[in-house]
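Participant: Below is the structure, and that's it, no one-letter string:
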């Protein structure tokens, strides 16, 4: 009963919070959240009274996956995992939460989006924000200096959800990373090969992989006259070029970040450049750019990268793009991002109010990204020992959205089970016979179902097959039992044929293995 | 810097907490936890100073899975998922956290073990405690009245971890449930069939599946003179019979729960009974037991269950055991639990201080359990509409532990990748040729690797194959390139044979598909 009093007090307090927010004309979202909390508290009280007043929903920004979505998810995962395995990757798993301090100081401004667990006595914990920091923690903790691993798991961000555009608070990441001290650009090139393979196999339409290097960006900033301490913040502004026009980006640089107009214009010239190996070559000759040692190192590596990409047969989709910046702080070398370029594939790009830019190639958003981060593991090592890493993360939620839309649009039904045959009876009182037969099938590793009714109607049994796409029906009737056969019905053609019990399993296998 | 001041203050406060606990002679564990918190706070400060003083560990009661553990986990999951699919199950997924109120009032005393998330503004959330309550919430929310689904995912309990015995705070559950209004005992029997199939296929040694029914237990309590309001608490005590002797259980009933000695003795007689269909028949004739309508309903269903189990060919392992009670509140009918009975398979049963009972059949702990819960979905429905459910949960962590031990003990190496062939060079300056060849292989869906070095030593390339169990090596040298062949080396036998480039892929496939 103490609990009840506590809840009642919490309701009172929460009621005041809501009233205050309303009087202050707070944002609708803020008020909604507090009202939801109030309702929940009230529901808790209601629940105790035996009433059912609770809110029946999943947490904000999260969703259930129904069987159809799971079938699509499984297909996508299979494609991705096959590719990772083809390239010889192992897999690891880490807990969904980490010590809070493990995540501290790794995500810059985005740290505010981390979910913390309540202090219930014991360690202070947070839900993982990505798979890269736990991976670095794993390497340092186990003193691993060489590994090629993939990790597919959910991560958590208290972001503003935009679920119609595939942005959730709980979402999957599919990461592939290569850790180890190797010769330049070979593992980096393999990461791009993997992106190329996965996006091709998923058949999502045209795509492009943009490549740049943090050293080129920093070198460019230096030669354009950006003060050292403004590199990171100017880099974040450049990162917005895929959503904002250059004019707006320049405005932000000059008005908000205090950059000189001259420096901004010089940057503007560079970030409009796109090309291949030839562009890297040209920039190495560029009077200004070549003054930066860093930029030159990056440009030489881009050249080397392209030579390996050529051997990997993926240069058709890769473009060296000086406007690519990427948000995360921890990148130290090559960075890349894959975007789908086919307009109309999915409405995931159009930002709420901005509206899409009216270009020929409307980008529908990034579906993969990554880069080199040589310093992260060192942040966890007691002696700061570095383990060079390069990796890629597949943006699986956006891919799910697209695949789901494709499935909706297509006339083909998504099957949610793999049942090969349904065992049915044509007359009453044959439950025992059905159970006996389905046991035979299960024991022979045939995927089979039976209705959990003593005397189901033949029609309703057949309807179940139609609805769930079961290709075959094994029909038992008194005549069949007498003759020692089963009537095998092909659902699609309605063709029926008597098969002897001894041959049934072989016949089902023959008809259901593609 | 404000942050820093806050942390320093927190350190001061936390230091006082620790001192207070020590002066109060609090439990070692409690003190340790608070000290850990203090160290973390200090580490946070240290981190800011560029020092690396943080604790490099996973959260208490959790673990990473390394590639070898993941390979075993994948194998176990494949076996289990194949079985679920063979029985026509769909799969769903739900978020890792639920609204706190969704979990409220579902777990009785164990509710204190639920992980809550910190209130960061917005909804009050908790990590899921099992998969059954989210499943019931999913059914009610989507008004689903019929589904056969499996769900494999992690759940969270702030329990006292005992990791050597496979008890973690983050662990997997593998649930299979059938929801729907069906004829009695048919889906229930299928759940037992599934347990039988999975435990047989995993090859964990001898096992036994105990079966009982909540209605029989309640009826038994009634006819033995247990007051109505003590059914649940006496049931929890009976549930301890697998770990405690009858004498101790009786003591708890009489001394702690206030039951009369006479009632306890009567219960003692019943709970020592084990058998099959015949025992159910005998108890239906039992003068006392037959006075309970509930018990009779349960006993008739046990009879029916055994007749279906006979058709499913699984009666060899199933035993009707009146001492089986199971902890959870929500069961309403049949309940069951599978235990491994082979002594010495795994040291997971011996409770810390109690020591195992010295029986012939030393139970090494439950590896699966479940039952019927017809009321749970109704708790979520606004109108209280019920959806009958029966299901089983596979205790996968204990199975992992056993499989890991078996792998340790066996001489066979666990492979953590599926690489079929490693592309190596015998001389220097052949990186380009290696990359070209590995590209050919990848494009033909061959799982292949190459070393990320310009000029790796042949020996170190071959060593990598030995270590990671790669069966084939494709060796390129100047002579091979001139001849248009690849030298294919079988790692196990060291046999080498020249294969023409045109035939290489077919040859690798031929040699690596079992």
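Facilitator: In hand now; what should we look at? Here the structure is a predicted model, which is why all the values come from computation and not from measurement. Numbers count the residues shown, from 1 in each chain, chains lettered A, B, ... in the order given.

Participant: From now on I want contacts and neighbour counts done on CA atoms only, so please keep to that.
Facilitator: Noted.

Participant: okay, and for the stretch 251-400 of chain A, where does confidence drop off?
Facilitator: Residues of the stretch 251-400 of chain A meeting the criterion pLDDT under 70: A:343-364.

Participant: interface residues of it facing chain B?
Facilitator: Contacts of the stretch 251-400 of chain A with chain B, taken as CA under 8 Å from any CA of the partner chain, map to A:308, A:311, A:312, A:313, A:379, A:380, A:381, A:382, A:383, A:384.

Participant: Surely the first one is in contact with residue A:188?
Facilitator: By that I understand residue A:308. No. Here residue A:308 lies out of contact with residue A:188, judged by CA atoms under 8 Å, at a distance of 9.4 Å.

Participant: For these two, work out which one has more neighbours and name it.
Facilitator: More crowded of residue A:308 and residue A:188, by other CA atoms under 10 Å in any protein chain shown: residue A:188, with 27 against 24.

Participant: In space, what's closest to the more buried one - neighbours in sequence excluded?
Facilitator: Excluding its sequence neighbours, the residue lying closest to residue A:188 (CA to CA, 6 or more residues apart in numbering or on different chains) is residue A:390, at 6.2 Å.

Participant: Report the beta-bridge partners for that neighbour.
Facilitator: The residues paired with residue A:390 through beta bridges, assigned by DSSP bridges, are residue A:178, residue A:372.

Participant: Okay, it and residue A:175: tell me how far apart.
Facilitator: 11 Å (CA to CA, to the nearest Å).

Participant: now do residue A:440
Facilitator: As judged by CA to CA, residue A:440 and residue A:175 stand 42 Å apart.

Participant: Let me know the secondary structure of the spatially closest residue to residue A:319 that is not a sequence neighbour.
Facilitator: The shortest distance from residue A:319 to any residue that is not its chain neighbour, by CA to CA, 6+ apart, is 5.0 Å, and that residue is residue A:210. When classified by DSSP: H, G, I helix; E, B strand; the rest coil, residue A:210 comes out as strand.

Participant: who touches residue A:210 in this structure?
Facilitator: If you count contacts by CA atoms under 8 Å, 6 or more residues apart in numbering or on different chains, residue A:210 has them with A:318, A:319, A:320, A:321, A:324, A:336, A:337, A:338, A:339.

Participant: Correct me if wrong, but the third one is in a strand.
Facilitator: Yes. Under three-state DSSP, residue A:320 falls within a strand.

Participant: What distance do you get for residue A:290 to chain B?
Facilitator: Between residue A:290 and chain B the computed distance is 27 Å (CA to the nearest CA, to the nearest Å).

Participant: My assumption is that that residue lies in a strand; please confirm.
Facilitator: No. The assignment for residue A:290 is helix, going by three-state DSSP, so no strand is present there.

Participant: The closest residue to it other than its chain neighbours: neighbouring residues, count only.
Facilitator: On the basis of CA to CA, 6+ apart, the spatially nearest residue to residue A:290 that is not a chain neighbour turns out to be residue A:284, at 5.5 Å. Other residues within reach of residue A:284, judged by other CA under 10 Å, total 20.

Participant: any idea which element residue A:284 lies in?
Facilitator: helix A:277-285 (DSSP states H and E).

Participant: Of residue A:440 and residue A:175, which one has the most company?
Facilitator: Comparing residue A:440 with residue A:175 by other CA under 10 Å, the one with more neighbours is residue A:175, at 25 against 19.

Participant: now the more buried one, what's its secondary structure?
Facilitator: Secondary structure for residue A:175, judged by three-state DSSP, is strand.

Participant: Now it. Nearest residue, chain neighbours left out?
Facilitator: Nearest non-adjacent residue to residue A:175, counting by CA to CA, 6+ apart: residue A:393, 4.4 Å away.

Participant: And for residue A:227?
Facilitator: The spatial neighbour of residue A:227 that comes closest, neighbours along the chain excluded (CA to CA, 6+ apart), is residue A:221 at 8.0 Å.

Participant: didn't residue A:118 look like it was pressed against residue B:117?
Facilitator: Yes. Checked against CA under 8 Å, the pair residue A:118 and residue B:117 is within contact range at 4.7 Å.

Participant: With neighbour numbers in mind, choose between the two.
Facilitator: residue B:117 (23 against 18).

Participant: In contact with the closest residue to the more buried one other than its chain neighbours, which residues?
Facilitator: Setting aside the residues directly before and after it, residue B:117 is nearest to residue A:117 in space (CA to CA, 6+ apart), at 4.0 Å. Listed by CA under 8 Å, 6+ apart, the contact partners of residue A:117 are A:124, A:125, A:126, A:127, B:115, B:116, B:117, B:118.

Participant: ok, so of those, who is nearest residue A:91?
Facilitator: The shortest distance between residue A:91 and any of the contacts of residue A:117, using CA to CA, involves residue A:127 and amounts to 20.3 Å.

Participant: and the closest one, bridged to which residues?
Facilitator: Going by DSSP bridges, residue A:127 is paired in beta bridges with residue A:97.

Participant: wait, isn't it in contact with residue A:155?
Facilitator: Yes. Contact criterion CA under 8 Å: residue A:127 and residue A:155 qualify, at 7.4 Å.

Participant: Give the intersection of the neighbour lists for the two.
Facilitator: Overlap of the contact sets of residue A:127 and residue A:155 (by CA under 8 Å, 6+ apart) consists of residue A:96.

Participant: check contacts around the residue nearest the centre of chain A.
Facilitator: Against the mean C-alpha coordinate of chain A, by CA atoms, centre = their mean, the closest residue is residue A:396 at 2.7 Å. With contacts defined as CA under 8 Å, 6+ apart, residue A:396 is in contact with A:172, A:173, A:174, A:367.

Participant: Which positions in the stretch 101-250 of chain A make contact with chain B?
Facilitator: Residues of the stretch 101-250 of chain A that fall close to chain B, judged by CA under 8 Å from any CA: A:101-102, A:104, A:115-125, A:137-138, A:141, A:170, A:182-183, A:186-187.

Participant: The residues you listed in strands, which ones?
Facilitator: Under the assignment DSSP state E, those contribute A:125, A:170 to strands.

Participant: Quick check on the residues of the stretch 101-250 of chain A next to chain B: which are buried?
Facilitator: Neighbour-count burial (16 or more other CA atoms under 10 Å in any protein chain shown) applied to these gives A:101-102, A:115-118, A:122-125, A:137-138, A:141, A:170, A:182, A:186-187.

Participant: ok so, going back, which strand or helix spans the residue nearest to residue A:227?
Facilitator: With the criterion set as DSSP H and E, the secondary-structure element containing residue A:221 is helix A:214-223.

Participant: likewise residue A:309?
Facilitator: Under the assignment given by DSSP H and E, the secondary-structure element containing residue A:309 is helix A:293-311.
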